[in-house]
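**Student:** Sequence and predicted model, in that order:
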Amino acid sequence: MRVRLIAPVLLGFGIAAACGGNNDTSKVSGGAASGNTTGGSNGFVIGSGGSSANGNGTGNGTGFGEAGDGTVDPDAGCVGTTANGQPIPVDLFFMVDITGSMNCPVPDDTTKPACEVDPGKPYSKTTRWTTESAALNAFVADPANAGLGVGIRFFPSDNANTLCTAGTYATPAVEIAPLPGNAAKLTMSIAAQTPAGQTPTVPSLTGAIQHAQAWAKANPTHRVAVVYSTDGYPQGCGADGTLGPAAMEAAAGLAGTPSIPTYVLGIGPNLTELNMVAASGGTKQAFLIDTTQNAATQLTTALASIRTTAVVGCTYTIPAPPAGMTLQPGQVNVQYTDPKGAVTLFKEDPSGTACAQGTGWEYSADMSQINLCGSACTTVKATMGGSLQVRFGCATEVGEPVK
C-alpha cells in the first residue's frame, strides 16, 4: 500500500524544513529566528516560537513561519529530521528432537554402521543430545542474542495417545519471550529432557508452525520463524522415512498468513534430504552437522547463522515522530549507512512494482513499517553492522518503474 499526496505536507507544526527554499537551516528556541531566508518559497524554520527572519513572514508561535515571495532554487537541499529505523522484533520457536537416536555417540564411530536408533545403555559420555543441549544453552546465554525472542518444544510426546497429534506440539514447553529474561526457563526445560522414542516429523513440524502463526498473529509487529532440529527421518505417524509431507507443511507455513519460514538443523549422518524441507520453508538449505567431526563447533556456528539470517531482515518499524506530530507519508525518505559510513538513498518503489523485484522500499499495508525491496534488501543483508535512517519532513523521492 502506498500513499500519494498531491501536495507535500509537513510532518507537523513543530518540525519544518526548507524544502526548495534557499537552504534555511535556522533553529530557534524562542524570539526572533535568525538565518538566511531571502524570499524563498515556503522557507520554514525549526523552533518553538518567534518569527522568520528576512522573509516577510510571521511565525505562528511554533516556529512555523512562511517566507515571502521569491524564486525557488531547484538545487537547494531539504532539511528535515532523521531517526533510526528499528528492525522489527524477531522470535524463534525451536522444535527440538529428543528421540532415542539422540543418545548416539559423538563423534560417530566410522568403523560401524551409522547410528540411527537408540544404541542402548551404557551411553557415551558425549552424545548428540549432550552436544546439542550444550549448544542450545550457550545460545540462550549469549549476550549477542539479547532481545531475541525464543521459545521451545520437544518431540516426541511422551503420551502415546497424542504422539501423532499436531496440536500436542503447538503447546510450547517454554513460551516465546525475549532473551536474556527467558534464558533460565529455557535452560531448565532443556535440562529436564531425556531422549527416547521415535520421530513424528510431520505432526511436530506442523504443531511448531501452528504455534508460530498463532504467536505472530498475537504479535503482528514481530517476525516469527520455526527452528526445526532433528537427527533423523520420520518414523511412525504414517510417514516412515518420507520427507515429502514435511516439506509440504513447511511450504504451507511459508505461504500462510502470517508467513512462517522454517530453519532446519540436521544432526547426524545421511540427512541431506532435510534440504528439501528447508527449501520449502523458505530458508534455502538445512544446516547439517557432521557428527564424525567437531559437532559442538558446527552447532554453535549453525545457531549463530540462523540468528543472523533471521534477525538481519528487511522490515523496519517507522520511528515515532516527535511529540505532538503526525506522520505524513509523502514526507518520508529512507537511507542506509553501511559500517564504513557510506550512505545510500533508497527511493520509494513506484506504485505497481512488486517488492521482490523493486530496488527501493515500500510501506507495509498498515503504514507502520518500511519494507526494503529487491536489491535494497540484498544490500542491507550483505553488509552487517549498518543502520537504516528514516528522514522526515522532505518530499519522498520515488524511483523509476521496474521494466
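**Tutor:** Looks like it came in fine.

**Student:** Tell me the strands beside the host helix or strand of residue 370, with direction?
**Tutor:** Using DSSP states H and E, residue 370 sits in strand 369-372. Strand pairing for strand 369-372, using DSSP bridges, gives strand 315-317 (antiparallel), strand 361-363 (antiparallel).

**Student:** and the next helix or strand after it, which residues are buried?
**Tutor:** Beyond strand 369-372 in the direction of the C-terminus, DSSP H and E gives the next helix or strand as helix 374-382. By 16 or more other C-beta atoms under 10 Å, the buried positions in helix 374-382 come out as 374, 376-377, 379-380. All C-beta spots, glycine's among them, are computed from the backbone N, C-alpha and C.

**Student:** Helices of the chain, residue ranges please.
**Tutor:** Ranges of helices within the chain are 128-141, 166-169, 183-191, 201-218, 244-255, 274-280, 295-311, 374-382, based on DSSP state H.

**Student:** quick one: average confidence on stretch 231-244?
**Tutor:** For stretch 231-244, the mean pLDDT works out to 90.

**Student:** and what of stretch 165-175?
**Tutor:** 97.

**Student:** Pull it out as PDB, backbone CA atoms only.
**Tutor:** Coordinates of each C-alpha in stretch 165-175 appear next as PDB, following Å, rounded to 0.1, in the frame of the first residue of the first chain:
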ATOM      1  CA  THR A 165      -1.400 -35.100  17.000                       C
ATOM      2  CA  ALA A 166      -0.100 -31.800  15.700                       C
ATOM      3  CA  GLY A 167      -1.900 -29.800  18.400                       C
ATOM      4  CA  THR A 168       0.200 -31.500  21.000                       C
ATOM      5  CA  TYR A 169       3.300 -29.900  19.600                       C
ATOM      6  CA  ALA A 170       1.600 -26.500  19.200                       C
ATOM      7  CA  THR A 171       1.800 -26.100  23.000                       C
ATOM      8  CA  PRO A 172       5.300 -24.900  24.000                       C
ATOM      9  CA  ALA A 173       7.400 -26.300  26.800                       C
ATOM     10  CA  VAL A 174       8.600 -22.700  27.300                       C
ATOM     11  CA  GLU A 175       6.600 -19.800  25.600                       C
END
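
**Student:** In this structure, where is pLDDT below threshold?
**Tutor:** 1-80, 312, 322, 384, 403 (pLDDT under 70).

**Student:** Kindly report the domain assignment for it.
**Tutor:** 18-79, 88-311, 318-392 (automatic domain parsing).

**Student:** could those go into CSV alongside distance to residue 402?
**Tutor:** Below are those laid out as CSV (distance: least, C-beta to C-beta, whole Å):
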stretch, distance to residue 402
domain 18-79, 26
domain 88-311, 22
domain 318-392, 5
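
**Student:** coming back round to it: single out the most deeply packed of the helices of the chain.
**Tutor:** Ranked by mean neighbour count, the helices of the chain are led by helix 201-218 with a mean of 23 (mean count of other C-beta atoms under 10 Å).

**Student:** other SSEs contacting it?
**Tutor:** Helices and strands touching helix 201-218, as assessed by 3 or more C-beta pairs under 8 Å, 6 or more residues apart in numbering; DSSP states H and E, comprise strand 90-97, strand 149-155, helix 166-169, strand 223-230, helix 244-255, strand 262-267.

**Student:** Take those and write them to TSV, including distance to residue 386.
**Tutor:** What follows is the helices and strands packed on helix 201-218, written out as TSV (distance: least, C-beta to C-beta, whole Å):
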stretch	distance to residue 386
strand 90-97	17
strand 149-155	23
helix 166-169	38
strand 223-230	18
helix 244-255	27
strand 262-267	23
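
**Student:** Out of the ones you listed, which is closest to residue 185?
**Tutor:** Evaluated over these, closeness to residue 185 peaks at strand 149-155, with 9.0 Å, by C-beta to C-beta.

**Student:** Now do that closest one and strand 90-97, the angle between them.
**Tutor:** Calculated by axes from the mean of the first three to the mean of the last three C-alpha atoms, to 10 degrees, strand 149-155 forms an angle of 20 degrees with strand 90-97.

**Student:** could you dump strand 149-155 to PDB, C-alpha only?
**Tutor:** Output in PDB follows, covering the C-alpha atoms of strand 149-155 (Å, rounded to 0.1, in the frame of the first residue of the first chain):
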ATOM      1  CA  GLY A 149      12.500 -13.900  21.400                       C
ATOM      2  CA  VAL A 150      13.000 -17.600  22.000                       C
ATOM      3  CA  GLY A 151      10.600 -20.400  22.900                       C
ATOM      4  CA  ILE A 152      11.000 -24.200  22.800                       C
ATOM      5  CA  ARG A 153       9.100 -27.500  22.500                       C
ATOM      6  CA  PHE A 154      10.500 -31.100  22.200                       C
ATOM      7  CA  PHE A 155       9.400 -34.200  20.400                       C
END
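
**Student:** circling back to that earlier point, now, which of the buried residues of helix 374-382 sits nearest residue 100?
**Tutor:** Nearest member of these to residue 100, counting by C-beta to C-beta, is residue 377, at 42.3 Å.

**Student:** what sits against that closest one?
**Tutor:** Residue 377 sits next to residue 314 when contact means C-beta atoms under 8 Å, 6 or more residues apart in numbering.

**Student:** and if you look at residue 354?
**Tutor:** Residue 354 touches residue 402, counting by C-beta under 8 Å, 6+ apart.

**Student:** Tell me how far the nearest residue to residue 201 once chain neighbours are set aside lies from residue 187.
**Tutor:** Nearest in space to residue 201, with sequence neighbours left out and distances taken as C-beta to C-beta, 6 or more residues apart in numbering, is residue 234 at 3.9 Å. Separation of residue 234 from residue 187 (C-beta to C-beta, to the nearest Å) stands at 29 Å.

**Student:** ok, now residue 317?
**Tutor:** Residue 317 is 30 Å from residue 187, by C-beta to C-beta.

**Student:** Repeat that for residue 303.
**Tutor:** 15 Å.

**Student:** Ok, which of the helices and strands packed on helix 201-218 comes nearest residue 340?
**Tutor:** strand 90-97 (25.3 Å).

**Student:** Extract the C-alpha set from the closest one and format it as CSV.
**Tutor:** The C-alpha coordinates for strand 90-97 follow below in CSV (Å, rounded to 0.1, in the frame of the first residue of the first chain):
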residue,chain,number,x,y,z
VAL,A,90,12.4,-11.4,15.8
ASP,A,91,11.1,-14.5,17.6
LEU,A,92,12.3,-18.1,17.1
PHE,A,93,10.3,-21.1,18.1
PHE,A,94,12.5,-24.2,18.5
MET,A,95,11.1,-27.7,17.9
VAL,A,96,13.8,-30.0,19.2
ASP,A,97,14.3,-33.7,18.6
